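have a look at this fold, sequence not included:
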């Protein structure tokens, strides 16, 4: 992208909380923290100072299936920054005193997440909907597991997972491709190979309704159905169903529950998709007295879509909206870098925007119906409520509006 | 681009001025400025790399204009303007926007209200027409306003559950009293629930005036045609909003003025601070450098080093001077375990003392400058960022050569300047403190903090 001033470089590892044993939960995220805490050549302060000196951004995120260390800098600083990324990635020392200090920081991060109900409810939903499966575990881990992680576990876990076959480097913006490739060969060439993620199984969904009483003014609801994996052939229909149902201000749930009835201050649907599985989720924040109405109205809308599909105009609008958003979302070097890497992780190839646009365009109303009616089965739905219903408990009868499906 | 060329072009384009971003930016950002017939200032930056356009309009109708007792009115008015036009219902309005994959949003912050849009180039005219209609010919129906009011109250009630939000609101109330910055932009649940549709329509008629508005456009446009289009679309809303008198700056006496709010939270949310500066303060750039070293500089800042890295006491801590049209707050914000609140506060006060008493090191000064100057172009990476940068230049009178001058404004700050502004604006013995915490576990002792602040 020669016209861009900035460049974003990401070092990705196909490792996240999904690949942890329950007793190790949180170790991937904990390792991510430690990679900024000093290498053989640099102290933590020197790492921060080097990136600050060029006005850049150096950060990382850990997910369930990947971890990414990235930097955003001006084009002229790409080379030095790639070296910095290689240094933290390959030469971090894991000093015991840094581990203990950072452990406190991670524990605070966990507490903060618990104090933010509209985020925390997503963790709760995962935990219950896929209970017993590694995908149900929170990325941060729990207070107990984080307290139990020691240096030995971190180092051996990293040696196992940070292998050449699981590492991927993506860059976008003001970069010279050939030069970057040569630099990466030199800097990362020594990483030993093999170590693909071991074969993993998809979780089995079952009906759950969980009430998580907490003294809160608002009630937070997260409910959903088994969805699609990242690579499922019907994924374009899922994008459209999500857009039309709860993906914007003209979506059905937004219009029906928020705008027409004024029963929620926030409602949206989302797709949470992984290598081999996923779920279709809906979040709503409402007053405790409107909980039942919000669930019922939302499920009725869903049942309607599963029976009749979308209107002709509605489908066309969702397609146009999705394509427009996709193009507008390509503006920054961060989002381009992310897209490149995720395509490589899930598809092992670059997916051109035109291919996605064609995929979206080709979706038929029959596919939307097929998808919605096969996902939203009353016997496989999950719902979690976080809030204060004054002792009242929601039960599986809340899924009654789907009974006709 | 040389200043000679600049002058030449300025004369060619008559009332149009030009600005280039110099320094480490490979490609200059060129900005053209013109005053329109309706009195609004238009700034345009042609960006032809991507087929998209971003436009934002700033109105002198931020929450600082909220009358006492009607806090939240500016925000409710902005939100209500998004609800369609006289001809289009809110639902139809949204459908039209979504059909193009465009976005339109109207919202208020404390100084200004902003109406903005982003669209693909091919939908620019249609999207801008919708935005203009929402501004000039808004629906403002009772039913829509009351619905938005209900949502605003619910959102406030939800936010109040978050300890960090509750702390911020209490801090600003304590610091600014009933001044223009003394309430959150969204208002209070009690004030918003009393607002009427007439309040909203009056506020709109009074403050949405093109004569005091600024319009910024960045994207795949041509200056002449976008100017003509804007003049045609936004021909109404004449007149300007009279300037608002500057409030008396808040004054606090010595001592730690503590407001301790008891909540059953896992983490104590603490805010410590005092009155800060306005954006127009000549010390602004010195304060930026000083604050970067103190607590603005992420992992490199002194507060982060002491409280997070050394003490392991907090996941995040930062300090900010929120300089606005009027003097804003200086605030240090952190979360820590309830039990370590007092210890963290002591460490912070010690840092305030230190930066006042001892000069910062050459290395600290150097890296602060490098960061502030170096990150400048990275903050202008997207059209939306360029648009808000242009608005800031105009609204806060930064001058069209601001981007060229910025490296010098920061680069010439000395260690003495840093110490001087630290002494002038940091007062470890006169602070407002808000703590939302499990108070019986936190056991915050303001008297002991005062003692640590004045200890020699």
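In hand now; what should we look at? On a predicted model such as this, the values are computed, not experimentally measured, just so you know.

I'd like the distance between the closest residue to residue B:426 other than its chain neighbours and residue B:273.
Of all residues not flanking residue B:426 in the chain, residue B:352 sits nearest, at 5.0 Å (Cβ to Cβ, 6 or more residues apart in numbering or on different chains). Just so you know, the C-beta spots here come from the backbone N, C-alpha and C atoms, and that holds for glycine as well. According to Cβ to Cβ, to the nearest Å, residue B:352 and residue B:273 sit 10 Å apart.

kindly report the same for residue B:122.
Distance from residue B:122 to residue B:273, by Cβ to Cβ: 48 Å.

what do you get for residue A:98?
When residue A:98 is compared with residue B:273 (using Cβ to Cβ), they lie 30 Å apart.

ok, those two, which is more surrounded?
residue B:273 (24 against 21; other Cβ atoms under 10 Å in any protein chain shown).

coming back round to it: contacting residues for the residue nearest to residue B:426?
B:294, B:426-428, B:453 (Cβ atoms under 8 Å, 6 or more residues apart in numbering or on different chains).

ok, now residue A:369?
With Cβ under 8 Å, 6+ apart, residue A:369 has these contacts: A:305-309.

narrow those residues to those in helices?
A:305-308 (DSSP state H).

burial measure for residue A:92, as a count.
Neighbour number of residue A:92 under other Cβ under 10 Å is 22.

work out for me the element whichever residue of chain A sits closest to chain B sits within.
Here chain A gets closest to chain B at one residue, residue A:324, 1.4 Å apart by Cβ to the nearest Cβ. Using DSSP states H and E, residue A:324 sits in helix A:312-328.

now swap in residue B:54 and tell me
Here residue B:54 is assigned to strand B:52-59, by DSSP H and E.

which SSE is immediately downstream of the helix holding residue A:324?
Heading C-terminal from helix A:312-328 (DSSP H and E), you reach helix A:333-347.

can I assume residue A:290 is in contact with residue A:263?
Yes. Under the criterion of Cβ atoms under 8 Å, residue A:290 makes contact with residue A:263 at 4.6 Å.

which one of these two is surrounded by more residues?
Neighbour comparison, residue A:290 and residue A:263: the larger count goes to residue A:263, with 21 against 17 (by other Cβ under 10 Å).

which residues sit in contact with whichever residue of the stretch 1-150 of chain B sits closest to chain A?
Relative to chain A, the nearest point of the stretch 1-150 of chain B is residue B:101 (1.4 Å; Cβ to the nearest Cβ). Residues near residue B:101 by Cβ under 8 Å, 6+ apart: A:320-328, B:119-120, B:123.

repeat the analysis, applying 7 Å as the threshold.
A:320-321, A:323-325, A:328, B:120 (Cβ atoms under 7 Å, 6 or more residues apart in numbering or on different chains).

over to residue B:50?
A:331, B:220.

ok but it is inside a strand, no?
No. Counting by DSSP: H, G, I helix; E, B strand; the rest coil, residue B:50 falls outside a strand, being coil.

any idea how far residue B:62 is from it?
Residue B:50 is 31 Å from residue B:62, by Cβ to Cβ.

ranges for the strands of chain B?
B:17-19, B:31-35, B:41-46, B:52-59, B:103-108, B:113-120, B:214-219, B:255-262, B:267-275, B:314-321, B:329-337, B:430-437 (DSSP state E).

tell me the strands beside the fourth one, with direction?
When pairing is defined by DSSP bridges, strand B:52-59 lines up against strand B:113-120 (antiparallel), strand B:214-219 (antiparallel).

same list, these, but as CSV with mean neighbour count and mean pLDDT please.
Formatted as CSV, those follow (neighbours: other Cβ atoms under 10 Å in any protein chain shown; pLDDT from 0 to 100):
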stretch, mean neighbour count, mean pLDDT
strand B:113-120, 24, 97
strand B:214-219, 27, 97
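
run a quick neighbour tally on residue A:119.
So residue A:119, with other Cβ under 10 Å, has 12 neighbours.

still on that earlier bit, list just the nearest of the contacts of residue B:101 to residue A:109.
residue A:325 (30.4 Å; Cβ to Cβ).

backbone dihedrals for the residue lying closest to the closest one once chain neighbours are set aside, please?
Distances taken as Cβ to Cβ, 6+ apart put residue B:101 closest to residue A:325, at 5.1 Å, once the chain neighbours are dropped. Dihedral angles of residue B:101 (phi, psi; degrees, to the nearest 10) stand at phi 70, psi 20.

would you map the strands across the stretch 201-350 of chain A?
A:208-213, A:219-226, A:264-273, A:278-286 (DSSP state E, counting those that start in this stretch).

out of those, which is closest to residue B:392?
strand A:264-273 (29.6 Å).

go through the helix or strand that residue A:98 is a member of and flag the buried ones.
Taking DSSP H and E as the criterion, residue A:98 maps to helix A:96-114. Using 16 or more other Cβ atoms under 10 Å in any protein chain shown as the burial criterion, the residues of helix A:96-114 that qualify are A:98-99, A:101-114.

quick check: residue A:141 touching residue A:25?
Yes. The criterion here is Cβ atoms under 7 Å, and residue A:141 meets it with residue A:25 at 4.3 Å.

and the helices in the stretch 351-456 of chain B?
Using DSSP state H, counting those that start in this stretch, the helices assigned to the stretch 351-456 of chain B run over residues B:362-378, B:383-395, B:402-411, B:415-425, B:439-442, B:446-454.

distance of the nearest residue to residue B:185 once chain neighbours are set aside from residue B:294?
Excluding its sequence neighbours, the residue lying closest to residue B:185 (Cβ to Cβ, 6+ apart) is residue B:63, at 4.2 Å. Residue B:63 is 28 Å from residue B:294, where distance means Cβ to Cβ.
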